[in-house]
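1. okay, sequence plus prediction incoming.
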Amino acid sequence: MNVPPEKMLAMYRMMNLIRRFELRASELFRDGRFPGWIHVCVGQEASVTGACFALRPDDYICPTHRGHGQSLAKGIPPERMMAELFGKKTGTNLGRGGSMHLCDMEKGILCGVAILGDGLPMAAGAAMSAKLAGNGRVALGFFGEGASNEGIVHETMNLAALWDLPVVFFCESNQYAELSHRSAHLKVDTVAARAAGYGMPGVTVDGNDVLEVLQATSDAVGRARSGKGPTLIESVTCRLHGHYEGDPQVYRVPGDIDEWRKKDPIARLEEKLMKEGVLDAKSKETVIGEVDRTIAFAVEFAEKSPYPAPEEALELVYA
Amino acid sequence: MREIKFWRAFQEGLSEEMRRDPAILYFGEDAGGNVGGPFALAKGLQDEFGEKRVYDTPDSEAGYVGLAIGLAATGYRPVVDISFMDFTLVAIDQIVNMAAKLRYMSGGAPKALPLVIHTMAGGGRRAGAQHSQSLEAWFAHIPGLKVIAPSNPHDLKGALKSALRDDNPVIVMKHKAILGMKGEVPEGEFTVPLGKAFVKREGTDATIVAVSHMVNVSLQAAAKLQEEGISVEIVDPLSLSPLDRETIVASVRKTGRLVTVHEAWSPCGMGAEIGAVVFEECFDFLQAPLVRVASSFNPFPYSPGMEDFTIPGVPRIVEGVRKVLES
Ligand SMILES: Cc1ncc(C[n+]2csc(CCOP(=O)(O)OP(=O)(O)O)c2C)c(N)n1
């Protein structure tokens, strides 16, 4: 795929933003600066970036409970997302949603869903809405290989294929579903193999190679936009942190983090960009500096923002 | 007497019963190996009972609940963990349309449908709208299901053992806030019967009937009211279905005033049901209209201040009792 250098640089910047945002969020959470729990996507930066950079700004995505990277890559303002993690009034969800339910309709981010698989029918519905309106938009629904075993996923894929809906089912196979290795829950080697059963193409890509993810997703988006229906993409990657921050990870396959670190998606893109002369030590420093300033601003914004008034809980229940 | 934690009481009850009865099988997401599920309630279970009795299931709640129904219909006694009560809705069709009525609509064959579904409910953890709900009323509405909501380690262990010996589907609702709660639990064998309510505190001025963890919060409220000389009786139904009407009615006959307290929402909730029971059976004894204390009528918000506003605490219960004493 011939990707212009500016786009590669933009993806490099985004992947760094996601990584550093997640590490910062992890620290802040550990220090008790915001409550609840968070599921970070360290290690999956190429997967989410490649997926979202194949989309138009007005296309839709539906994030999962592990949705920070998915949402950042689709353009959620980092400071409003951080404010949401803090439970502030200025957060993307006005403090009502938290980490698992990120939403920004202006950016086409439909709303993070924490019931496994439940985001996919919503994505298919948004795709159908685009098809009916004839506005050329597509929808991309994120899910994990764990969620792939929910009944709703099966029903949605059949419907979407049957009605040629412009939707991309994007499975991040990050090796673990909650506290179990994928081998404990899946008989097939690839989730993508299931696509045949619904009558749609299924592809498996190296989820740590952002260009491969971008290529496969662009193909799927192209198919969707031209009326040829859905595609199932399985992006094989690994989450390098626990299921949630603080997870002791006793279930982890020994040594797998070291193995996967060798395939670090950011280092891989960086090496390529350096080799091709798109990036050098100096411009790298600029990118990292910029990213860190963005995150520092996001944290400051979140901290300075007010909490919603307690009784605001009663608002927004009905339209 | 020795004290153990709520989670430990669950583990003890479950493993004692599995030792006693080889027909008990266990299913749950991440239940295998050294993990034992997201709340570690089945930790060590597979080591002791092996892979033929303890299963780590895929994320397929409708599928494995349905499968457990098939096992129950053919001689096994499956126990299913649905980690969060919010996810029981993914399997609700199997629970309501299959488990609850299989015996009835088949004319009594299979003879038994022994199935225990245990699940964590409740808010306060800043877990948001899809990980905080208390959905007991959904199940208590259905004939053929039993629903229990133990509020302390003793009742959990004893009622869980009864549930595991019962021939009907039983939903065991546990509140996240009391996983680490310590309480007295006897060393030896004991059970707590299903279908029986317990008076957790005697009093004369008003009756509180509270559900699950709200029993504990109500006990705190009662202690506070006692300082002002107000004497509150607290009834813990423990079994939400079948409901022990007698114990509730006896208490309200004595005090003449009823406050219901639960974390689920008010409309069509257990408070409405308990109020109706009292209305039906001891209307003449009532000295004041019923007061219902429940979560405010909104999905659970993430932000701490809003979530604390949503869930009833001691002040709202105290206020509820004061209100019922006014008239
Ligand atoms: C219906 C439902 N069942 C169970 C859960 C609990 N749960 C949260 S995340 C998770 C594992 C998800 O694995 P996967 O879909 O692969 O996504 P990942 O967490 O790896 O990103 C489980 C079982 C849930 N949120 N919803």
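-> Ah, there it is.

2. buried ones in stretch B:276-288?
-> B:277-278, B:281-282, B:286 (16 or more other CB atoms under 10 Å in any protein chain shown). Every residue, glycine included, has its C-beta placed from N, CA and C.

3. inside helices: which ones of the residues you listed?
-> Counted as lying in helices by DSSP state H, out of the buried residues of stretch B:276-288, are B:277-278, B:281-282.

4. using CSV, lay out the buried residues of stretch B:276-288 together with distance to chain A and pLDDT.
-> Shown next, in CSV, are these (distance: CB to the nearest CB, whole Å; pLDDT from 0 to 100):
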residue, distance to chain A, pLDDT
B:277, 29, 98
B:278, 28, 98
B:281, 34, 97
B:282, 34, 96
B:286, 30, 97
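
5. now these as CSV including distance to residue B:300?
-> Shown next, in CSV, are those (distance: CB to CB, whole Å):
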residue, distance to residue B:300
B:277, 28
B:278, 29
B:281, 34
B:282, 34
B:286, 32
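
6. quick one: buried residues of stretch A:303-319?
-> Buried-residue list, stretch A:303-319, by 16+ other CB under 10 Å: A:305, A:307-308, A:310, A:312-313.

7. which of these sits closest to residue A:43?
-> Relative to residue A:43, the closest of the buried residues of stretch A:303-319 is residue A:305; by CB to CB it sits at 29.8 Å.

8. what's near enough to touch the closest one?
-> Counting by CB atoms under 8 Å, 6 or more residues apart in numbering or on different chains, residue A:305 makes contact with A:83, A:86, A:88-91.

9. now do residue A:206
-> For residue A:206, counting by CB under 8 Å, 6+ apart, the contacting residues are A:212-213, A:236.

10. now do the helices in the chain.
-> All of this refers to chain A. With helices called from DSSP H, chain A shows them at A:5-30, A:45-52, A:68-73, A:78-85, A:119-133, A:151-162, A:210-225, A:256-261, A:265-275, A:281-304.

11. look at chain B instead
-> B:6-20, B:45-49, B:61-73, B:92-93, B:102-105, B:136-140, B:153-165, B:214-227, B:245-255, B:270-282, B:304-310, B:314-326.

12. and the angle for the longest one with helix B:153-165?
-> Between the axes of helix B:6-20 and helix B:153-165, defined by axes from the mean of the first three to the mean of the last three CA atoms, to 10 degrees, the angle is 30 degrees.

13. buried stuff in helix B:6-20?
-> B:6-15, B:17-18.

14. cool, stretch A:16-27 as well?
-> Using 16+ other CB under 10 Å as the burial criterion, the residues of stretch A:16-27 that qualify are A:16-22, A:24-26.

15. for that stretch, C-alpha coordinates in PDB please.
-> Output of stretch A:16-27 as PDB, limited to C-alpha atoms (Å, rounded to 0.1, in the frame of the first residue of the first chain):
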ATOM      1  CA  ASN A  16       2.500   7.500  20.500                       C
ATOM      2  CA  LEU A  17      -0.300   9.500  21.800                       C
ATOM      3  CA  ILE A  18      -2.300   6.400  22.600                       C
ATOM      4  CA  ARG A  19       0.600   4.600  24.300                       C
ATOM      5  CA  ARG A  20       1.600   7.600  26.400                       C
ATOM      6  CA  PHE A  21      -2.000   8.400  27.200                       C
ATOM      7  CA  GLU A  22      -2.500   4.900  28.400                       C
ATOM      8  CA  LEU A  23       0.600   4.800  30.500                       C
ATOM      9  CA  ARG A  24      -0.300   8.100  32.100                       C
ATOM     10  CA  ALA A  25      -3.900   7.000  32.700                       C
ATOM     11  CA  SER A  26      -2.500   3.800  34.300                       C
ATOM     12  CA  GLU A  27      -0.400   5.900  36.700                       C
END
